[in-house]
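In: Prediction below, plus the sequence it came from.
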Protein chains: 2
Amino acid sequence: MSKATIKDVARVAEVSLKTVSRVINNEPTVKEATRKKVLEAIEELRYQPDMSARNLRGNKSYAVGLVYDNPNPYYVVDVQEGVLQACRELGYSLQIHPCDAETGDIVEELSDLVRNSRLAGLVIAPPISEDDRVTDALYERGIHFVRIVSASSAPAGASPCVYVNDRAAAFAVADHLINKGHSNIAFLLGEEEHHSSGERFKGYRKALEEHGVPVRDDMVLEGSYSFDSGFQRATALLSGDTRPTAIFGCNDEIAAGALAAAKSLGLNVPGDVAIAGFENSPFSKQAQPPLTTAAQSIGDIAKQAMMLLVSELRPQAMTDGNNDRKSEFIPELIARASTDAEAR
Amino acid sequence: MSKATIKDVARVAEVSLKTVSRVINNEPTVKEATRKKVLEAIEELRYQPDMSARNLRGNKSYAVGLVYDNPNPYYVVDVQEGVLQACRELGYSLQIHPCDAETGDIVEELSDLVRNSRLAGLVIAPPISEDDRVTDALYERGIHFVRIVSASSAPAGASPCVYVNDRAAAFAVADHLINKGHSNIAFLLGEEEHHSSGERFKGYRKALEEHGVPVRDDMVLEGSYSFDSGFQRATALLSGDTRPTAIFGCNDEIAAGALAAAKSLGLNVPGDVAIAGFENSPFSKQAQPPLTTAAQSIGDIAKQAMMLLVSELRPQAMTDGNNDRKSEFIPELIARASTDAEAR
DNA sequence: CGTCAACATGACAACGTTGACTAGTTCACC
DNA sequence: GGTGAACTAGTCAACGTTGTCATGTTGACG
């Protein structure tokens, strides 16, 4: 009833401990017939290798850490789900590690984490993943990790990463707005330390430039990825002299704030002002009207990051076609009612 | 530079391995002078016991699982943070386990989890924690766990738990509405399998009864803990013949949906209809107007649950005043603008 | 048919920790 | 001063797995 060990498997399969071990780790030097016997015994006993023992014994480890410093719970939960799914498939265990980049020495903290918890590697989510000071230091210390970052192409540098092409997606959103006839489109930035903010801005700028629409400095406002920040900046913009006909918020929270601002000023959305967000969060669906946005499948991205980490760590472990190292993800435009009117 | 082991500590402290082990597990049979020497050596080497080895060797384990089946990311992240903080203080590692109560045999799934990951116990969050079929079966299998549940008093039964007195808090919210002059207060329920829904309704009903306000069946609507469900039910209510003057949503999402419904019908909040929610989620803060709600400190609750689990598991591990087994939490009324007007 | 490489399997120690048991030390009390 | 309980500390094996090395088995080729 309790735990079946490698010993039990060996007895049932009538081979030695070591042979079972070999099968589990799919080492090549096992005869096919033997391998089959062992696999049947494993099946029969519902054997699963013991993580503690594995981690203890070898240089290898079957545990990874997920590091994040992201205030958005929707994002965090999706990333967790994705990584966890990959962990289950690959037989790894996951140690979550929310942290605060502001306090203390993150590099030290993560090094300790890896050492004390015997982690094989880390999956690092933005924005920490985009802080070169941190990632460089981790690299120097010989810690294995995969980053999830925002970039328009695979970043240079040795450390493997999965990148989200926010720029291309933001281009699509801005393009959509321009095609609706808008030529005065405000852009509300997120925190500077999130690369996604800068990338999305570049996509926005590129779309305007390609259409010959001037980028006006007074229509690009700094701030943070929050409802309040969106509300405040939109209020300022919409009660100013030259009101934009569209507002592109760097994420849905900002856009939701902008929407609330527009409403509180008695403006009609999308009639008086169109609003678009980014991320396809619940905010965008639940808003009245629902917000045009860009959908990123965070779970898939995170899962892929984990796969990538393991394929770096132990290439032979990736048996199947898991080896397709897809590393670029482009969020998809989702047009909703908040931009569904021709600009006047 | 790498990992210090118990052996290193023993060498530095000039004692045997076993004595160091004793100090770590604060067993009583160590002379004070020796203990001090060892502690100093531990300090000096920045020694931390190896989880893998500990788990492997003994019957004991220093890993716990956090089980949840809750769709609300804000809730999930807060629970994680709380449990994780307790884990750090107590030297445990955490294995998160989101699951889907619908699919498959949860009891089997959790049993396997505990066995395969050598977990000492589980912290179970609602709503699974409130499914007696599941918890009874786990108890029978000898699995240790602590539940976080919604109840107005410590539930009977052997398994330890931390309970949130939603009833008392909902009473306070309803009482607040009545004191504002409302006598036709609608109540929008959440999913039935969340006890919190039933508990909050009981608090609402008690408040009405104590004030001699009749509870009208047509003002109590079933549904789910979601924005959409709130929107739909509130739309029906507010466009009906006898419009309530206040709506109490079973959580903030429902309330936010109700708020959106009221606005879309051209009603003024709180002038035409007051709206209150529950949980003090970001929805309630960001709404226009901000929603009156009840704040539960989910993190504290989760942390306490973890503490309780460990104190069951190994009483002697709780050295300090950690032994205060606080297990009741009462969310606190937070009055905001959405109810800040006298009923007409 | 003998030889050697290539392949397939096994024996054994070790990872870091703790449980069971043993041995030495202290101290109260007859 | 002797006795044994109570206290303190140490030795050794074991947890489940894998790395190292040794051994056994096959088959190709001269």
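Out: Yep, that arrived.
In: Now A:E44. Nearest residue, chain neighbours left out?
Out: A:V12 (6.5 Å; C-beta to C-beta, 6 or more residues apart in numbering or on different chains). Quick note: C-beta positions are derived from backbone N, CA and C, even for glycine.
In: what's the neighbour count on the one you found?
Out: Residues near A:V12, counting by other C-beta atoms under 10 Å in any protein chain shown, number 18.
In: what does the strand or helix carrying it contact?
Out: Per DSSP states H and E, A:V12 falls inside helix A:6-13. For helix A:6-13, the surrounding residues in contact (C-beta atoms under 8 Å, 6 or more residues apart in numbering or on different chains) are A:16-17, A:19-21, A:24, A:34, A:37-38, A:40-42, A:44-45, A:47, A:49.
In: so A:S196 touches A:P126, yeah?
Out: Yes. With contacts counted by C-beta atoms under 8 Å, A:S196 reaches A:P126, the gap being 6.6 Å.
In: quick revisit: any residue of the helix holding A:V12 touching DNA strand D?
Out: Yes. Contact of helix A:6-13 with DNA strand D (C-beta under 7 Å from any atom of the strand) involves A:I6, A:K7.
In: Over to stretch A:303-315?
Out: No. Stretch A:303-315 lies apart from DNA strand D when judged by C-beta under 7 Å from any atom of the strand; the minimum separation is 9.5 Å.
In: got the residues of the stretch 51-200 of chain A near DNA strand C?
Out: A:A53, A:L56, A:R57.
In: what about 10 Å?
Out: For the stretch 51-200 of chain A, the residues in contact with DNA strand C (C-beta under 10 Å from any atom of the strand) are A:S52, A:A53, A:R54, A:N55, A:L56, A:R57, A:G58, A:N59, A:N116, A:R118.
In: List buried members of those by neighbour count.
Out: By neighbour count, with 16 or more other C-beta atoms under 10 Å in any protein chain shown, these hold A:S52, A:A53, A:R54, A:N55, A:L56, A:N116, A:R118 as buried.
In: Residue ranges of each domain in chain A, please.
Out: For chain A, automatic domain parsing gives the domain ranges A:6-47, A:61-165+A:297-329, A:166-296.
In: Quick check: end-to-end length of the shortest one?
Out: The first and final residues of domain A:6-47 sit 8 Å from each other (C-alpha to C-alpha, to the nearest Å).
In: Next: the second one.
Out: Using C-alpha to C-alpha, the span of domain A:61-165+A:297-329 from its first residue to its last is 29 Å.
In: I figured A:I185 hits A:T245, correct?
Out: Yes. Assessed by C-beta under 8 Å, A:I185 is found in contact with A:T245 at 7.4 Å.
In: Looking at those two, which one has more neighbours?
Out: A:I185 (26 against 19).
In: Pull the contacting residues for that one.
Out: Contacts of A:I185 (C-beta under 8 Å, 6+ apart): A:A174, A:L177, A:I178, A:Y204, A:L208, A:V213, A:M219, A:P244, A:T245, A:A246, A:I247, A:F248.
In: helix, strand or coil for the fifth one?
Out: Under DSSP: H, G, I helix; E, B strand; the rest coil, A:L208 falls in the helix class.
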